[in-house]
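Undergrad: Next input, structure requested:
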Amino acid sequence: MTEDKNRGAESAVDLEDMVASSDTGARKPAGTPGKLLVSIAAAWSLFQLWIASPLPFVLGFGVFNATESRSIHLAFALFLAYMAYPALKRSPRDRIPIQDWVLASAAAFCGAYMFMFYEQLSQRPGAPILQDVIIGVTGLLLLLEATRRALGPPLAIIASIFIIYSLAGPYMPGILSHRGVSLFGLVNHQWLTTQGVFGIALGVSTSFVFLFVLFGALLDKAGAGNYFIKVAFSLLGHYKGGPAKAAVVASGMTGLISGSSIANVVTTGTFTVPMMKRVGFSAEKAGAVEVASSVNGQIMPPVMGAAAFLMVEYVGISYVEVIKHAFLPALISYIALIYIVHLEAMKANLQGLPTSNPPKPLVRKVIGFLGGLLLMMITAMVVYYGLGWLKPVLGSATPWVVSVALAVIYIALLKVASGYPELELDDPDEPIFKLPQTRPTVMVGLQFILPVIVLVWCLMVERLSPGLSAFWATVFMVFIILTQRPITAIFRGQSELSDDIRSGIVDLWNGLVTGARNMIGIGIATATAGIIVGAVSQTGVGLVLADVVEILSMGNLMLILLLTAVLSLILGMGLPTTANYIVVSALLAPVIVQLGEQNGLLVPLIAVHLFVFYFGIMADVTPPVGLASFAAAAVSGGDPIRTGFQAFYYSLRTAALPFLFIFNTDLLLIDVSFLQGIVIFIISTIAMLIFAAGTQGFMIVRNRWYESILMLLVAFTLFRPGFWMDMIHDPYESVPPSELVQTLGDVDEDSTLRLQIRGEDDFGDPLTTYMLLPVPEGETGEERLENLGLELLIEDNRALVDMVAFGSTAADLGLDFDQEIIEVLAPVDRWIKELMWIPAFLVFGLIVVMQRRRREPDAVKASA
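TA: Numbers count the residues shown, from 1 in each chain. Sure, this is the predicted structure:
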């Protein structure tokens, strides 16, 4: 017994060290250095809140432009990286060696150089002096070392290779050679402009990511993390395999506020994994369920491991649009994972945990579920439309009225919470465990929903920037942390005001420190990824890579996607998700779009970026490096490699979704109406559940081999009905290019034509590509052509572009003088592709009938 406890204590220390090493830094010095470390971390959080707030502009001081803010942000990240992360495994953890003080100070100075010498640098753009070069070279070297400490060697090595490639261009072989970059040019591009280290990625980290990470840290310190876990267990723990289902939901909710899959695994896994093992899951399967659900937390908006904010900059669409496109695949993936867990429980006949909730008949369960769903929908409608109607009525007074209303609701919720016992952290190693009652558990933490409502309101109704929205949500979160203890205690008649206020201040301080320490790795990763992005823009290696990928794939888009997926997995084995996404999207996203156009598949840029991101997070699962799998195995006591393979097996749906939404952008809610979106959600969810049953080999009873194949075929048909309909009836008819004007007049307004264009690329090489031509307003074809800003020269049945108006739709599409339109494809009336769902459901119905017939004899045998 004592040995088990000692082993458990050692395991807890190892887990804490694993999370610290990957997220917050493993060093925890005592005394004055420790106080200084946490004070600087808190100062970083306060600085980020300051620059995000309106106060600098109201008070007229402390206003920093984007470059200055990025410089200070990186200075904090570099200083804390050297303070918090030991140089080597054998380096001391309880004190900071003198050399690390020196390196931290030098790195912070180099990081802050752009801020400190901004005026002088602005007077000599593109002409660095020797001092600039020395600082830049020192800064790059110290950044690479900080990257090695905080994130491991892979990202530092990759960034170093790109720096060497920039300098050694003329000596590179064949296709890889370029004219080269001088040392002065390299430093200027990478360290003294916003093209390299201080580029878009670091800007996103400064403006958006920090505030969302801080918001999540404060929410967790307020007790929301424990609340989410308890609610999930109280609702789902008593079902078959209930702890595993609760783990999925709890990890999903925790993933909303956490950008780290490893931290998510440990935070929820230390509680959920022992519960899963208790009801019969093996150590590897319990760990794999936690890994699959925790890693998927990164695909769930709004945070998405910082990728959502990067997509805003890289794709050029609003944050709300990114969330809209990313939400449906993430939700479908989570629903499917709950179903996979259910199938595992069915296969092994696993039971749930004992509950103190009184049993409910099925009708009441269904009514309760529908009631909860209806309440969520009504709340969302009230937040979006109710506050939206208030704004025109109240005008400039709206924020004040809403603030007062929120305060009243907040106090009312605390009054409700005070009538129930406070949630306590349970010890998962205790032998007897009874699930908490649902109503008291849910009621005691409803106030945690309010900051999320503030965030949604600022984003969706006020249309504020993500940074400012996160700022106001964080301000409200600070208010909650400071006031929830004393107000609740007053309502309970147990108030010790000074102690309650002091506890709130301590929670706030810990939240500020934790938020900053969680950001060290992200800040360093975005800066180092900027080196790679800068090298791509300075050397043109992206074009070289496009040629290499095209040669390897032989122009086949599916092979290109497979190569991209493999590259993302390989890079992701050593890179954090955010850095992996930045690198692969910078290198390959434009290649996929370009080669897709040349092959006739017009892929939206957001679909490509989500594709890259999904496979980046899969690397946290995939053996042999999958860090999340190692963390889960440390919790469960299972084998990490077997846990990783099992988690990958559970995550097949996450790997399939990117390929599906590349070829069917309806899944990303691109150009679909509200009603269409609801239908797509329902059908796609059913399709993913069928896919899960097919890959797991079990639905009602164990599948026969041909049933699994048929299930996968049915799922594919529900996801991509157009694949089969296009075989039956082509959606386009070919029209001679010389008849383009007539065709423009014949087709419906707001429809699109597909054009195949022959011309030259930016380097004068021949290029053939496809594009979609939107049909504008106009009574005749000539008028519509004019509205496009396009003039054609028709000769000998050929259509040549004669002129393109500047700033016109045609110019935006990429049409240019002397290009030849070699094919025009006009849409035709045909059956809607969704008709293919009918045979798919008929086949699925046949499978259900066959499995039900096989289950009945089994049930008879069991009863006998």
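
Undergrad: How is the protein divided into domains?
TA: Structurally, the chain divides into domains by automatic domain parsing as follows: 664-690+706-731+832-864, 735-829.

Undergrad: could I get these as JSON lines with mean neighbour count, distance to residue 556 and mean pLDDT?
TA: The way it works is simple: take the backbone N, C-alpha and C, and place the C-beta from them, glycine included. Below are the domains of the chain laid out as JSON lines (neighbours: other CB atoms under 10 Å; distance: least, CB to CB, whole Å; pLDDT from 0 to 100):
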{"stretch": "domain 664-690+706-731+832-864", "mean neighbour count": "16", "distance to residue 556": "16", "mean pLDDT": "85"}
{"stretch": "domain 735-829", "mean neighbour count": "15", "distance to residue 556": "15", "mean pLDDT": "82"}
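
Undergrad: Export the ones you listed as CSV, with columns for distance to residue 622.
TA: Below are these laid out as CSV (distance: least, CB to CB, whole Å):
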stretch, distance to residue 622
domain 664-690+706-731+832-864, 21
domain 735-829, 34
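
Undergrad: Figure out which of those domains is closest to residue 479.
TA: domain 664-690+706-731+832-864 (34.3 Å; CB to CB).

Undergrad: How about the contacts made by residue 655?
TA: 565, 614-615, 618 (CB atoms under 8 Å, 6 or more residues apart in numbering).

Undergrad: run the last query once more with 10 Å
TA: Residues near residue 655 by CB atoms under 10 Å, 6 or more residues apart in numbering: 565, 569, 614-615, 618, 621-622, 648.

Undergrad: Torsion angles phi and psi at it?
TA: Note on residue 655: its backbone torsions stand at phi -80, psi -30 [degrees, to the nearest 10].

Undergrad: Low-confidence ranges, the stretch 201-350 of the chain, go.
TA: 255-261, 263, 267, 302-306 (pLDDT under 70).

Undergrad: which residue ranges form the helices in it?
TA: Ranges of helices within the stretch 201-350 of the chain are 210-221, 224-236, 242-257, 261-278, 283-296, 307-315, 319-348, based on DSSP state H, counting those that start in this stretch.

Undergrad: Which positions in the first one come out as buried?
TA: Under the neighbour-count criterion of 16 or more other CB atoms under 10 Å, helix 210-221 has 210-221 buried.

Undergrad: Same check on stretch 177-189?
TA: Applying 16+ other CB under 10 Å to stretch 177-189 flags 178, 180-181, 184, 186-189 as buried.

Undergrad: ok so, going back, so for residue 193, which of the helices of the stretch 201-350 of the chain sits nearest?
TA: helix 307-315 (16.4 Å).

Undergrad: tell me the angle of that closest one relative to helix 319-348?
TA: Here helix 307-315 runs at an angle of 130 degrees relative to helix 319-348 (axes from the mean of the first three to the mean of the last three CA atoms, to 10 degrees).

Undergrad: What helices and strands are in contact with helix 307-315?
TA: Applying 3 or more CB pairs under 10 Å, 6 or more residues apart in numbering; DSSP states H and E, one finds that helix 307-315 contacts helix 200-204, helix 210-221, helix 319-348, helix 466-492, helix 497-539, helix 577-598, helix 605-618.

Undergrad: 6 Å instead, please
TA: Judged by 3 or more CB pairs under 6 Å, 6 or more residues apart in numbering; DSSP states H and E, the packing partners of helix 307-315 are helix 200-204, helix 319-348, helix 605-618.

Undergrad: For the longest one, buried residues please.
TA: Residues of helix 319-348 classed as buried: 319-346 (neighbour count, 16+ other CB under 10 Å).

Undergrad: Skipping adjacent residues, who's closest to residue 773 in space?
TA: Nearest non-adjacent residue to residue 773, counting by CB to CB, 6 or more residues apart in numbering: residue 753, 4.4 Å away.

Undergrad: Report the inter-axis angle for the helix or strand hosting the one you found versus helix 577-598.
TA: Assigned by DSSP states H and E, residue 753 belongs to strand 752-760. Following the same axes, to 10 degrees, one obtains 90 degrees for the angle between strand 752-760 and helix 577-598.

Undergrad: Format the helices and strands packed on helix 307-315 as a markdown table; extra columns: distance to residue 812.
TA: What follows is those, written out as a markdown table (distance: least, CB to CB, whole Å):
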| stretch | distance to residue 812 |
| --- | --- |
| helix 200-204 | 22 |
| helix 319-348 | 18 |
| helix 605-618 | 14 |
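
Undergrad: Just tell me which of those helices ends up closest to residue 522.
TA: Here helix 200-204 is closest among the helices and strands packed on helix 307-315 (CB to CB), at 9.8 Å.

Undergrad: CA-only coordinates of that closest one in PDB, if you can.
TA: Once non-C-alpha atoms are left out, helix 200-204 reads as follows in PDB (Å, rounded to 0.1, in the frame of the first residue of the first chain):
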ATOM      1  CA  ILE A 200       2.300  38.400 -38.400                       C
ATOM      2  CA  ALA A 201       2.600  35.400 -36.200                       C
ATOM      3  CA  LEU A 202       4.200  37.300 -33.300                       C
ATOM      4  CA  GLY A 203       1.700  40.100 -33.900                       C
ATOM      5  CA  VAL A 204      -1.200  37.700 -33.500                       C
END
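
Undergrad: picking that back up, where does the residue nearest to residue 773 sit relative to residue 642, distance-wise?
TA: 53 Å (CB to CB, to the nearest Å).

Undergrad: my read is residue 776 is in a helix, agree?
TA: No: checked against DSSP: H, G, I helix; E, B strand; the rest coil, residue 776 lies outside a helix; its state is coil.

Undergrad: For it, which residues are in contact?
TA: Residue 776 makes contacts with 784, 787-788, as judged by CB atoms under 6 Å, 6 or more residues apart in numbering.

Undergrad: Closest to residue 232 out of those?
TA: Using CB to CB, the contacts of residue 776 come closest to residue 232 at residue 788, 53.5 Å.

Undergrad: who touches that closest one in this structure?
TA: 776, 809-810.

Undergrad: how does it look with 8 Å?
TA: 773, 776, 808-810.

Undergrad: Which ones among these map onto strands?
TA: residue 773 (DSSP state E).
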